[in-house]
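J.: sequence and predicted structure below; questions after.
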Amino acid sequence: MKKLKVLFICTQNSARSQMAEGFLRQFAGDSFEVESAGLEPAVEVNPLVVEVMAEVGIDLSHKKPQSVFDLFKERKLYDYVITVCDSGAEGKCPIFPGMAQRWHWPFPDPAKVTGTRDEQLAEVRRIRDLIREHVQRPFNEAFAVQDPFAR
């Protein structure tokens, strides 16, 4: 069976797209090829994101943000390209060329959380849980289907 190829994109590839990639890997195992990338990659994955993802058993400490342009230059093709930028950044969210199904799942940006460390962690956990629920939904509804993203 052909593995579906999925690319999650956000602006910096430091939080939302990394979380979505981590959850899809966790839920789908080896049945998908999944990557994430950004238009303006950050230097590192957001440390708060690394911390809250470790709480649910996903290790992002080794991940490095990558450029969507590098993937394009490598001529990579995907079955699904899912942008996860928030609604305010949708116009800046990169478009990946090719014949992929394109979806936009807007999530708040963990880089914009404010408050005390505990308040920031609580908000990043909330965003993490929104992303997990969104990525997990197709598997809860139709895990036995060859293409769980099909609607």
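T.: Great, that's in hand. Numbering: from 1, shown residues only.
J.: show me where this protein has helices.
T.: 16-28, 47-54, 68-73, 117-142 (DSSP state H).
J.: which one of those has the most crowded surroundings?
T.: The highest average neighbour count among the helices of the chain, using mean count of other CB atoms under 10 Å, belongs to helix 16-28 at a mean of 24. Every C-beta, even on glycine, is put in place using the N, C-alpha and C of the backbone.
J.: and stretch 20-36, end to end?
T.: In stretch 20-36, first residue to last residue: 8 Å (CA to CA, to the nearest Å).
J.: what's that stretch in contact with?
T.: 1, 3-10, 13, 17-18, 53, 57-58, 60, 66, 71, 76, 82, 84, 105, 131-132, 134-136, 139, 148 (CB atoms under 8 Å, 6 or more residues apart in numbering).
J.: next: stretch 123-139.
T.: 15-16, 19-20, 23-24, 27-28, 46, 48-49, 51-53, 55-56, 84, 105, 107-108, 110, 113, 115, 148-149.
J.: what mean pLDDT does it have?
T.: Average pLDDT, stretch 123-139: 91.
J.: one more: stretch 84-93?
T.: 64.
J.: how close does the residue nearest to the spatial centre of the chain sit to Leu60?
T.: Residue closest to the average C-alpha location in the chain (CA atoms, centre = their mean): Ser17, at 2.4 Å. For Ser17, the distance to Leu60 equals 11 Å [CB to CB, to the nearest Å].
J.: Val43 now?
T.: 14 Å.
J.: among these two, which residue is more densely surrounded?
T.: For Val43 versus Leu60, neighbours defined as other CB atoms under 10 Å are more numerous around Leu60 (22 against 8).
J.: quick check: pLDDT value at the more buried one.
T.: At Leu60, pLDDT is 97.
J.: ok, the nearest residue to Arg102 once chain neighbours are set aside to Pro65 distance?
T.: Excluding the flanking residues, the one nearest Arg102 by CB to CB, 6 or more residues apart in numbering is Val81, at 5.2 Å. Separation of Val81 from Pro65 (CB to CB): 17 Å.
J.: Glu133 now?
T.: Counting by CB to CB, the separation of Glu133 from Pro65 is 24 Å.
J.: paired strands for the lowest-mean-pLDDT helix or strand in the chain, with orientation please.
T.: The helix or strand with the lowest mean pLDDT-type score in the chain, counting by mean pLDDT, DSSP states H and E, is strand 101-104 (a mean of 84). Sheet pairing of strand 101-104 (DSSP bridges) gives strand 80-83 (parallel).
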